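Undergrad: Here's my sequence, what's the structure:
(4 chains)
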There are 2 protein chains.
Amino acid sequence: MSENVTMRDIAERLGVSSVTVSKAINDKEGVSEELRKKIKDLAAEMGYRFNTLAKSMKEGLFYNIGIIIPERFTGATQAFYMQFYQILNKVLEEYDYSGILHILSVEDEEELVLPRIYREKKVDGFIILGQLNIQYMDMFLDTGVSVVLLDFYNDQPEVDCVITDSFYGVYDLTNYLIKLGHRDIAFVGDIRATSSIQDRFLGYYKSMLEHDISFPEDYVIKDRDNKGKYIDLKMPAKMPTAFVCNCDQIAYHLVTTLQKQGYSVPEDCSVVGFDNDIFATLAQPNLTTVEVNMEEMSRSAASMMMRKIKDSSSSHGRVTVKGKIIYRDSVRDLRNI
Amino acid sequence: MSENVTMRDIAERLGVSSVTVSKAINDKEGVSEELRKKIKDLAAEMGYRFNTLAKSMKEGLFYNIGIIIPERFTGATQAFYMQFYQILNKVLEEYDYSGILHILSVEDEEELVLPRIYREKKVDGFIILGQLNIQYMDMFLDTGVSVVLLDFYNDQPEVDCVITDSFYGVYDLTNYLIKLGHRDIAFVGDIRATSSIQDRFLGYYKSMLEHDISFPEDYVIKDRDNKGKYIDLKMPAKMPTAFVCNCDQIAYHLVTTLQKQGYSVPEDCSVVGFDNDIFATLAQPNLTTVEVNMEEMSRSAASMMMRKIKDSSSSHGRVTVKGKIIYRDSVRDLRNI
DNA sequence: CTGAAAGCGCTTACAG
DNA sequence: CTGAAAGCGCTTACAG
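TA: Predicted structure coming up:
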C-alpha cells in the first residue's frame, strides 16, 4: 500500500503547488490553517512519508551521527559500551538524528582505515566511544569532520570530549573507605592502559596522600597485559583490608579470586568498583561502586555535536560529568572493632 | 580540508563531464583506463568523498536497514540482543548497508507507534530482532515495507524469518542427558512466553516421549511473570537429577539458587542452558549449552533482506539455523555409579 | 569513449 | 497566502 507518495502527488490531488505542501507539512508559515489541515489530512490518508534524503540533499546535512566503538571494547563480556551506545542513540533521536554504529576492527585501527560511513559521507559527525590509538585519532581529527570523544580524552585540550569524573569519583570512594577505618588499601588496574584508569588511580593516590597513608609498591596491581587482556591478579605480600578496582568487571574477578583463596568479602577484604555495570550486581556480595551517568554524558555529547554541526568552529573542550557512589554490600565498616 | 568536493569539481579541473567522472569512480565501462586513472588520482588528491545520498535519491534506495529491538530485551543484564545487533551490523556492512538501531520502547509498542526511521523513510527495510506483540507485528506487516524477523516467528508461514533451531537444539541436549543416565529431568521456562521457549520445551518433551519417560506436572517450572520479569524458581516436590533451562541466564540463576539451597552442581543436579551467552561462562561451573549461531543467522537475514529489496515479492518463509552443543562442566555422568 | 539532458523529492529565495 | 524557478550531487538513457 501507498508506494512512494511524494509531496507533488499530494499537491496535484489538491490543485496546489508542492511548495505549499512542503510548508504545510513542515509547519512553516505561509499557508492558511485551513489549507494546512486539508494537506495534512490528505497526506495521512495517502500514507505519505517524508523523504529525509531530499531534505538532506538540499541542506547538505545527513541527520546521522557515526558512533565508533573500538572492537576491543565490545564482545560477549563487555556490555558497557553497547549499553552506552543504546542510550546515546536514544538521545540523538530527540534531535531527529540516528546514531549509526561502527565497530572499529583491530586491523582497521592499526592500518588507519577510515570507516565506510566516513568515506561515503553518510554522517554529519562522529562520536568516538572508547579510547583509540593516537595515530588513528590524529588521522581522524585531521580530516576536519566534527568529532566528539566520549568517555575518554587525549592530550589536546581543544579536542571536544565528555568524560566521567574518574578522578573525583575514586577520590570520594577512597575517602569513604578511609572514613570506615581502612588504611591498607590497594589499587587494581594497569595505570598505563587508558587515561581514565590513570585518573582513577590518581584519585586513589590523592586520597591516600591527603590522609598521609603510604603504601607499598605491590599495592598497585596490574590487571591486564599490553593487549588489554585480563591477567591473573597478583596479591600483595601484605594483604590489604580493601581493594579499589578500576572497574566493576575486574572487581568481580577479584571477588571470585579472593573467595577461591578462602577470603570472605567484605569480612576479610572490602572491594569497590567503578561503572555500576552488570558485574556490580552479578558479584556476590553486590559491589559498592561509582555509577557512570551515561544518560547525562550522552546528552552533553549530543548537544556538543549539534552545536558543532551548526558551527564547525565551535569548541567546548573537556566536559566532566559527575558519577554517583552506589553503596552496596562489598565494604566492611572497620571502626567499631 | 577538502570541504565538499563534488564530481563536478573533479570534472571541471580535468575538462571532462561529470558523467565521465561518475563512470570512472564507480568502475563502470565507458571510460578509457587512462582517463579513469587520472580521475581517480585527482579524486584522491582533492579528498573527494562519494555522496551516497545523491545516489540514493536517484535509485530510491537508502542503503540503511532499520533494526528493531523491543526494549524488554535490552538493558544492563541483557547483552544478548545487542551482541546480535553488532554482528548483524557487521554483516550488513558487507552489502554496503548500515544497520540503524531502533529500540522500541514499551509505550510505543503498546500504542502502536511506528519508529521515526519508518516515518521519515530512512531505511529500505526492517529486521526485527526479538518477539513483538501481535498487534504491532500486524501493523508493521500491513505497511508493506520489507520485514525480516530474526530469532522469532509468528503464526503466518509466509512471513520471512530466521530462527535458531530451538526444537532440535534442546531435543539433542535432552537426549544427551538421558544418554548419561538421567531420568528425572525438569524443564525451566514459561512455555507461553515466546514461541522459541515453547519450541525448546517441545524439544525436551519429544526427547522424553521418545525415551518413554514421564514426568510430574511440577517438572515444568515457570521462570517469569506475564511481564517477562524473572520470578523465584519453585523447586519440584521430587528433586530432579537434571534441569533443562530455556536460556543461559535462567540457568545461571538456577545454579545460584541451587547452591544457596545446599545442592552442588553438577554433583547433585546437572544444569544445561541455551544461547551460550555471557551467563554460560559466568556460571560456576560453566554451563553446557547450545550456542546460537548469530553470525550465520545474521547472514541469512541479511541476504533475505537484500533479495526482498531487489524484488519485494520474493518470499522465503521460515529459515532455521542449527546451533551447536557446547560441552562444559555443568552435567554429571550418571552411568558408572 | 564521451557528454548533454532530465530527474530523484525536497527546500530556499524571491515574485506576485 | 500562494507558487514558478533553481538547485542539492548524483545516475540513467540516449545521442554523437
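
Undergrad: Let's verify the closest residue to A:Met306 other than its chain neighbours: helix, strand, or coil?
TA: Computed as C-beta to C-beta, 6 or more residues apart in numbering or on different chains, the closest residue to A:Met306 that is not its neighbour in sequence is A:Tyr95, at 5.8 Å. In short, each C-beta sits where N, CA and C put it, glycine included. Per DSSP: H, G, I helix; E, B strand; the rest coil, the secondary structure class of A:Tyr95 is coil.

Undergrad: what number of residues lie near A:Tyr95?
TA: 14 (other C-beta atoms under 10 Å in any protein chain shown).

Undergrad: Could you list the low-pLDDT ranges of chain A?
TA: Residue ranges of chain A with pLDDT under 70: A:1-3.

Undergrad: which ones are touching the one residue in the stretch 151-300 of chain A that gets nearest to DNA strand D?
TA: Proximity of the stretch 151-300 of chain A to DNA strand D (C-beta to the nearest atom of the strand) peaks at A:Asp160, 25.5 Å away. Going by C-beta atoms under 8 Å, 6 or more residues apart in numbering or on different chains, A:Asp160 touches A:Val147, A:Val148, A:Leu149, A:Met304, A:Lys308, A:Ser315, A:His316, A:Gly317, A:Arg318, A:Val319.

Undergrad: Quick one: residues in contact with stretch A:162-175.
TA: A:148-153, A:185, A:196-197, A:199-204, A:206-208, A:210-211, A:244, A:272, A:274, A:288, A:290, A:292-293, A:297, A:300-301, A:304, A:318-323, A:325.

Undergrad: Looking at the residues you listed, which are in helices?
TA: Counting by DSSP state H, the contacts of stretch A:162-175 place A:196-197, A:199-204, A:206-208, A:210, A:297, A:300-301, A:304 in helices.

Undergrad: ok, and of the residues you listed, which contact chain B?
TA: Restricting these to those touching chain B (C-beta under 8 Å from any C-beta of the partner chain) yields no residues.

Undergrad: And the buried ones among these, selectable in ChimeraX?
TA: Buried residues among these (16 or more other C-beta atoms under 10 Å in any protein chain shown), as a ChimeraX selection:
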select /A:196,197,199,200,201,202,203,204,206,207,208,297,300,301,304
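
Undergrad: what's the most distant pair in the ones in helices among the contacts of stretch A:162-175?
TA: Comparing every pair within the ones in helices among the contacts of stretch A:162-175 by C-beta to C-beta identifies A:Met208 and A:Met304 as the most remote, at 34.3 Å.

Undergrad: Nearest to DNA strand C among the ones in helices among the contacts of stretch A:162-175?
TA: Closest to DNA strand C, out of all of the ones in helices among the contacts of stretch A:162-175 and judged by C-beta to the nearest atom of the strand, is A:Met304, at 23.1 Å.

Undergrad: Give me the distance between A:Ile39 and A:Asn133.
TA: 53 Å (C-beta to C-beta, to the nearest Å).

Undergrad: So those two - more neighbours on which side?
TA: A:Ile39 (24 against 12).

Undergrad: Now do the helices in the stretch 101-250 of chain A.
TA: Applying DSSP state H, counting those that start in this stretch to the stretch 101-250 of chain A gives helices spanning A:106-110, A:116-119, A:134-142, A:166-179, A:195-210, A:248-260.

Undergrad: contacting residues around the first one?
TA: This points to helix A:106-110. In contact with helix A:106-110 (C-beta under 8 Å, 6+ apart) are residues A:Pro70, A:Glu71, A:Arg72, A:Val113, A:Pro115, A:Leu132, A:Asn133, A:Tyr136.

Undergrad: before we move on, what about stretch A:18-25?
TA: A:6-8, A:10-11, A:14, A:28-31, A:35-36, A:39-40, A:43, A:48, A:50.

Undergrad: Among these, name the buried ones.
TA: For these, buried by 16+ other C-beta under 10 Å: A:Met7, A:Ile10, A:Ala11, A:Leu14, A:Val31, A:Arg36, A:Ile39, A:Lys40, A:Ala43, A:Tyr48, A:Phe50.

Undergrad: taking the residues you listed one by one, which sit in helices?
TA: Per DSSP H, those map to helices at A:Met7, A:Ile10, A:Ala11, A:Leu14, A:Arg36, A:Ile39, A:Lys40, A:Ala43.

Undergrad: okay but the third one is in contact with A:Lys38, surely?
TA: No. Counting by C-beta atoms under 8 Å, A:Ala11 stays clear of A:Lys38, with 11.6 Å between them.

Undergrad: can you list the residues of chain A near DNA strand C?
TA: A:4, A:6-8, A:18-19, A:22-23, A:25-26, A:28, A:30, A:48, A:50-51, A:54-55, A:57-59 (C-beta under 7 Å from any atom of the strand).

Undergrad: List, out of the residues you listed, those positioned next to DNA strand D.
TA: Near DNA strand D, by the rule C-beta under 7 Å from any atom of the strand, you find A:Val19, A:Lys23, A:Gly30, A:Ala54, A:Met57, A:Lys58 out of the residues of chain A next to DNA strand C.

Undergrad: Phi, psi for the fourth one please.
TA: What it means is A:Ala54. phi -60, psi -40 (degrees, to the nearest 10).

Undergrad: Tell me how many other residues crowd it.
TA: Neighbours of A:Ala54 (other C-beta under 10 Å): 16.

Undergrad: nearest residue to it other than its sequence neighbours?
TA: B:Met57 (6.5 Å).

Undergrad: What is the helix or strand where A:Ile100 lies packed up against?
TA: Element membership for A:Ile100, per DSSP states H and E: strand A:98-104. Contacts defined by 3 or more C-beta pairs under 8 Å, 6 or more residues apart in numbering or on different chains; DSSP states H and E place strand A:98-104 against strand A:64-70, helix A:80-93, helix A:116-119, helix B:80-93, strand B:98-104.

Undergrad: tell me how far that strand is from the chain's mean position?
TA: 13 Å (C-alpha atoms, centre = their mean, to the nearest Å).

Undergrad: Closest residue of the stretch 151-300 of chain A to chain B?
TA: Chain B sits closest to A:Ile278 of the stretch 151-300 of chain A, with a gap of 5.0 Å, by C-beta to the nearest C-beta.

Undergrad: give me phi/psi at that residue?
TA: Dihedral angles (degrees, to the nearest 10) for A:Ile278: phi -60, psi -30.

Undergrad: Okay, the residue nearest to it when sequence neighbours are not counted and A:Ser313: tell me how far apart.
TA: Nearest non-adjacent residue to A:Ile278, counting by C-beta to C-beta, 6+ apart: B:Ala76, 5.0 Å away. Separation of B:Ala76 from A:Ser313 (C-beta to C-beta): 38 Å.

Undergrad: Comparing the two, which residue is more hemmed in?
TA: It is B:Ala76, of B:Ala76 and A:Ser313, that has more neighbours when counted by other C-beta under 10 Å, with 15 against 5.

Undergrad: thought the more buried one was touching A:Gln83?
TA: Yes. Between B:Ala76 and A:Gln83 there is a contact at 6.1 Å, judged by C-beta under 8 Å.
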